[in-house]
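Asks: Have a look at this prediction, sequence included:
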Amino acid sequence: MQDLKNIIESLLFVSKDPLSAEQLKNLLPEAETGEIRGVIEELEQEYRKKNGGFLLREVAGGYQFRTRPEYRQWIERLLAPQPARLSKAAMETLAIAAYHQPVLRSEIEHIRGVNSGNTIRLLLEKKLIRVLGRREIPGRPLVYGTTKKFLEVFGLKDLKDLPAPQEIAAGEDKNNT
Amino acid sequence: MQDLKNIIESLLFVSKDPLSAEQLKNLLPEAETGEIRGVIEELEQEYRKKNGGFLLREVAGGYQFRTRPEYRQWIERLLAPQPARLSKAAMETLAIAAYHQPVLRSEIEHIRGVNSGNTIRLLLEKKLIRVLGRREIPGRPLVYGTTKKFLEVFGLKDLKDLPAPQEIAAGEDKNNT
Amino acid sequence: MSNPAYQVKLEHIFEGPMDLLVHLIKKHEVDIYDIPIALITDQFLEYIKWMQDMEIDVAADFLVMASTLAQIKSRVLLPDTGSDSEEDEDPRDAIAGPLAEYIRMKSAAEQLAAKSILNEHVFIRQCDQQQQDSAGAETPVEADLYELIGLYQQLMEQMAPDPDFEITPEKISVKEKMNEIIDLLEKKKNISFRDLAAECSDRDEIIAAFLAVLEIVRLNLAGISHTENSSGLLLYSS
C-alpha cells in the first residue's frame, strides 16, 4: 500500500485517543497488521531520533503523539489552568486499586488503615478507577479497578507496565528489640 | 534561547487554534519576534521537505499543523464513528429507567419535573431503553426498561450489578478492621 | 511519656495510623519484621497525645491502631505460658505484614506520581470536544456509570428533601467510660488497658475506653505505665 506511513502518521496525528495496530488495521483493511506494526515502529524511531517538540509514545495499548516533558512550562502558558494534582491519599488509593484489582473498598481501607470512601469517589469522578462488578461473597460488594484513562494519564502501555514497587523481604537485618 | 525551535514546535502541536508569531512572542517573551519568525519558517520548510502525514500551514493569520488533503479519506474513516456523549437530560432519564423499571413515562416526568418525551424517544432510538409492556391501569400506558445494550455501554454483567447509589455515592460508613 | 526529644514534628501530616507508623519506623531505621514494639508504641501514643494537646481531632483509626499496638506490646512482654513454637508466633506479625504491604503501595504511589503525567508534564493535541446526543442509532455511545448514579442520586435528593432517615446511633460517651474506670480504680489499685478492652462490647467502646484513659492521665487522676512485666498499658491510682 502506497503512502502507508504517511497515512498512519496523519491518523495518529488526528486521533483524540491512542490508536492500536488493530484499530489502524480496521481503518486500513488494505494493509497487513505486520506492515502496520512495522510502520509504527519506524515512526516511533524517527521521532525519537529527530528529538523535536513531541514524540510518538506507546500508551494504554496504543500509540499517541505527546509533547516532551521538558517543554511543560511553556505549554502551561498556552493552555488554561491545569486540573489539580492528585493528593497523596488519592495516589495511595489509586496505587492499591491498580495493583490489587479487582479490589473491594474494605480491602483498600484495610491496607491504608483509614476510611477511603471520599478518595474512591474522587477517583471515580476523575474516571481513573471504575466499578468492575461485584465479588460473589455475602453482600455482593462492589469491586474496583483502574480504567483506560488511568493508563493514558500515567503514560503506561498496559497494567504489566506498572512500576515495580519496593519489596521488603522478611528478616533483612536483625537488630535490636 | 535554547530549544526555541522545539518549544515552538510543541506549542504549535498542542494548540487547538493557529498561533501567530505575535501570540508566540507573548508566550515566549524571552525570545525576539524575528527569531520566532525564523524558527516558524524553518519548521515550515522542514515539514514540507519531510513530506509526511501533516504539514505546518499558514492559516487565519497564524500557523497550524494540518494533515495533508491527500489523506482525507482515511481520516474520515477514523473520525466518522465518534462516540456520542449523552446529555444530562438523557442520562437522568436513563438512570430513572434503570433504577425504576418497569417505569411509566409519567413517572419519569414526575421525578425529573420536566417533559421527557423527546429524551425517551432518543434513548429508544439508541436502543438504551425499550418498551417492556403495558401497565394494567386505566389507559394501559407503556412501561419502559433498559436493554442489553445499556448493560454493554455501562460495562455491567446484568442488572443486579448496577450499583445502588448508597453503595458509592453516599456518605461515609463504618470501615475496615 | 512526654519526653520532648520524642516529639513528632508538626510538618508531618499523616494520612492515617499506617502512615505514622511508617514514619516512626523510617525515623529509627528499624526492620519492620523486627519492630522494637515498646519504643514504637510509646512514640505512637505520644503522637496521639500531642495531637490531643494541640486539640487536633484524633481520628478513630489512630486509636484503633494504638490499642492494637498496646496489645501486641503486652503480648511480647508477657512471657508465653503455653508450650510454644517460638518463632512462629511473634505477635508483631500482626502488624509487620500489613506494614510491608502499605510500604509497597506507598512506594508504588510515589513511582506513579513521578511518571510523566498527561496534562501535567506531557500534552496531546487539543481537539474540539464532540457533539452531544448526535443523531443516528448507529453512533456508539460513551457513558460513565458513576455519572449515571450521581445524577440519579441528585434526582432522588430533590424528590425527598426530608433528611429523617439518617439517625446516628448514640455513641458511648467518654465521660461515662471515665467514671467507670475511676470507679474501678477505687476498688483495685491498678487496671490494665487490656482488661478494660476485654470488657468492651465493640470497637467504638474500645475507642471510648482508650480516650477515657488518655483523659484520666491528662487530668492527673491516675498514673500510667507501660514498662516491663505489665500487660500493656497499666493504669494505677495516684
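Replies: Sure, I can see it.
Asks: So is the longest helix along chain C next to chain A?
Replies: Using DSSP state H, we find that the single longest helix of chain C is helix C:93-113. Yes: residues of helix C:93-113 contacting chain A under CB under 8 Å from any CB of the partner chain: C:96, C:98, C:100-113. Just so you know, the C-beta spots here come from the backbone N, C-alpha and C atoms, and that holds for glycine as well.
Asks: Okay, buried residues for the longest helix along chain A please.
Replies: Determined from DSSP H, the single longest helix within chain A is helix A:33-50. For helix A:33-50, the neighbour count (16 or more other CB atoms under 10 Å in any protein chain shown) marks A:E35, A:I36, A:V39, A:I40, A:L43, A:Y47 as buried.
Asks: all helices for chain A, in order.
Replies: A:4-14, A:21-27, A:33-50, A:72-78, A:88-100, A:105-112, A:117-125, A:148-153.
Asks: Which of these has the lowest mean pLDDT?
Replies: For the helices of chain A, the bottom mean pLDDT is recorded on helix A:72-78, which sits at a mean of 90.
Asks: List the contacts of A:L24.
Replies: Contacts of A:L24 were listed using CB atoms under 8 Å, 6 or more residues apart in numbering or on different chains, and they are A:I8, A:L11, A:A31, A:I36, A:I40.
Asks: Can you report how many residues neighbour C:E29?
Replies: Number of residues near C:E29 (other CB atoms under 10 Å in any protein chain shown) recorded here: 8.
Asks: any idea how far chain A is from it?
Replies: 8 Å (CB to the nearest CB, to the nearest Å).
Asks: contacting residues around that residue?
Replies: By CB under 8 Å, 6+ apart, the contact list for C:E29 is empty.
Asks: And for C:I56?
Replies: When the contact criterion is CB under 8 Å, 6+ apart, C:I56 has no partners at all.
Asks: before we move on, back to that, determine the set of other helices and strands touching the longest helix of chain A.
Replies: helix A:4-14, helix A:21-27, strand A:54-59, strand A:62-67 (3 or more CB pairs under 8 Å, 6 or more residues apart in numbering or on different chains; DSSP states H and E).
Asks: Would you mark the buried spots in the last one?
Replies: Taking 16+ other CB under 10 Å as the neighbour-count basis, strand A:62-67 is seen to contain the buried residues A:G62, A:Y63, A:Q64, A:F65, A:R66, A:T67.
Asks: Need the residues that contact stretch A:125-141.
Replies: A:86, A:94, A:97, A:101-102, A:104-106, A:120, A:123-124, A:142-147, A:149-150, A:153, B:155-157, B:160-161, B:163, B:168, C:144-146, C:150.
Asks: what helix or strand does C:D195 sit in?
Replies: Using DSSP states H and E, C:D195 maps to helix C:193-199.
Asks: As PDB, could you dump the C-alpha coordinates of that helix?
Replies: Extracted C-alpha coordinates of helix C:193-199, given in PDB (Å, rounded to 0.1, in the frame of the first residue of the first chain):
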ATOM      1  CA  PHE C 193      -5.900  -1.400  79.300                       C
ATOM      2  CA  ARG C 194      -6.100  -5.000  78.100                       C
ATOM      3  CA  ASP C 195      -8.600  -5.800  80.800                       C
ATOM      4  CA  LEU C 196     -10.600  -2.700  80.100                       C
ATOM      5  CA  ALA C 197     -10.700  -3.500  76.400                       C
ATOM      6  CA  ALA C 198     -11.800  -7.100  77.100                       C
ATOM      7  CA  GLU C 199     -14.900  -5.700  78.800                       C
END
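Asks: Tell me the helices and strands packed up against it.
Replies: Under the contact definition 3+ CB pairs under 8 Å, 6+ apart, helix C:193-199 sits against helix C:60-77, helix C:203-218, strand C:234-237.
Asks: Would you mark the buried spots in it?
Replies: C:F193, C:R194, C:L196, C:A197.
Asks: Check what pLDDT the closest residue to C:G16 other than its chain neighbours gets.
Replies: Nearest non-adjacent residue to C:G16, counting by CB to CB, 6 or more residues apart in numbering or on different chains: A:V114, 3.4 Å away. With respect to pLDDT, A:V114 scores 89.
Asks: Tell me the spacing between A:V114 and A:K49.
Replies: Distance from A:V114 to A:K49, counting by CB to CB, to the nearest Å: 48 Å.
Asks: And for C:F210?
Replies: From C:F210 to A:K49 the distance is 64 Å (CB to CB).
Asks: what do you get for A:N115?
Replies: Distance from A:N115 to A:K49, by CB to CB: 50 Å.
Asks: And for A:S10?
Replies: As for A:S10, its distance to A:K49 is 20 Å (criterion: CB to CB).
Asks: Could you do C:I117 as well?
Replies: 25 Å.
Asks: Contacts only, for the most centrally placed residue in chain A.
Replies: The centroid of chain A falls nearest to A:L151 when counting by CA atoms, centre = their mean (1.0 Å). With contact set as CB under 8 Å, 6+ apart, A:L151 has these partners: A:V59, A:A60, A:G61, A:K157, A:D158, A:L159, A:D161.
Asks: okay, the helices and strands packed on helix C:193-199 in a markdown table with distance to C:P140 next?
Replies: Formatted as a markdown table, the helices and strands packed on helix C:193-199 follow (distance: least, CB to CB, whole Å):
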| stretch | distance to C:P140 |
| --- | --- |
| helix C:60-77 | 44 |
| helix C:203-218 | 48 |
| strand C:234-237 | 67 |
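Asks: what's the closest of those to C:E186?
Replies: Proximity to C:E186 (CB to CB) singles out strand C:234-237 among these, at 7.2 Å.
Asks: Going by neighbour count, list what's buried in the closest one.
Replies: C:L234, C:L235.
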